[in-house]
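Participant: sequence first, predicted coordinates after that:
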Amino acid sequence: MAENGAALNPDNLPQLNVLAQYIKDFSFENPSAPASLAPQETGPNINIQVNVNAKQLNPGEFEVNLVLEGSAKTPDLTLFKFELDYAGIFRLKNIPENELHPVVMIECPRLIFPFARQIVADAVRNGGFPPLFIDPIDFAALFRQKIEEMQKSAVIT
């Protein structure tokens, strides 16, 4: 029970529901095959970029895109490249307006990240390499970084 003696109403509690998740776009390239599949003298340099985008579809419903781009290169070869645009549709209820943007940009991608990570790992393995397991991503830090970049660009213009 609440402090004032009234029972908590579940209809008033904050809710975050995943309505759907899907691959919007995906590509995997093995441009140097079969040479890229031969044993390499040095380990590859792996580069991964992460971006999160969101748009409101309806009141309380958002599409959130998690874009993962990466490559593995040696000094002589590009072993593989990938690009994944993985999305989810989320319904948010009873979230205060000032908390809506952080929930959409932090919690929503955090929920779909494990699925996107598995897609990348499977594609890299199916491309003939050991699976690439992307380290967990701190979406809160990514969000703060994006806010700081937007503030800096607003000051410059």
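Facilitator: That came in fine, so what should we check first?

Participant: make sure A33 is indeed in a helix.
Facilitator: No: per DSSP: H, G, I helix; E, B strand; the rest coil, A33 lies outside any helix segment and is coil.

Participant: residues in contact with it?
Facilitator: Residues in contact with A33 (C-beta atoms under 8 Å, 6 or more residues apart in numbering) are G128. Placement of C-beta: from N, CA and C, glycine included.

Participant: separation between it and P114?
Facilitator: With distances taken as C-beta to C-beta, to the nearest Å, A33 is found 28 Å from P114.

Participant: with T74 instead?
Facilitator: 29 Å.

Participant: these two: which is more packed in?
Facilitator: Between T74 and P114, counting by other C-beta atoms under 10 Å, T74 is the more crowded of the two (15 against 11).

Participant: quick check: which element contains P102?
Facilitator: Element membership for P102 (DSSP states H and E) is helix 97-102.

Participant: what mean pLDDT would you report for that helix?
Facilitator: Helix 97-102 comes out with an average pLDDT of 92.

Participant: name the residues that touch it?
Facilitator: Residues outside helix 97-102 that contact it (C-beta under 8 Å, 6+ apart): L92, A140, F143.

Participant: who touches the last one in this structure?
Facilitator: Applying C-beta under 8 Å, 6+ apart to F143 gives the contacts V52, P102, M105, I106.

Participant: buried among those? Make that a PyMOL selection.
Facilitator: If you want just the buried ones from the contacts of F143 in PyMOL, going by 16 or more other C-beta atoms under 10 Å, the selection is:
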select buried, resi 52+105+106
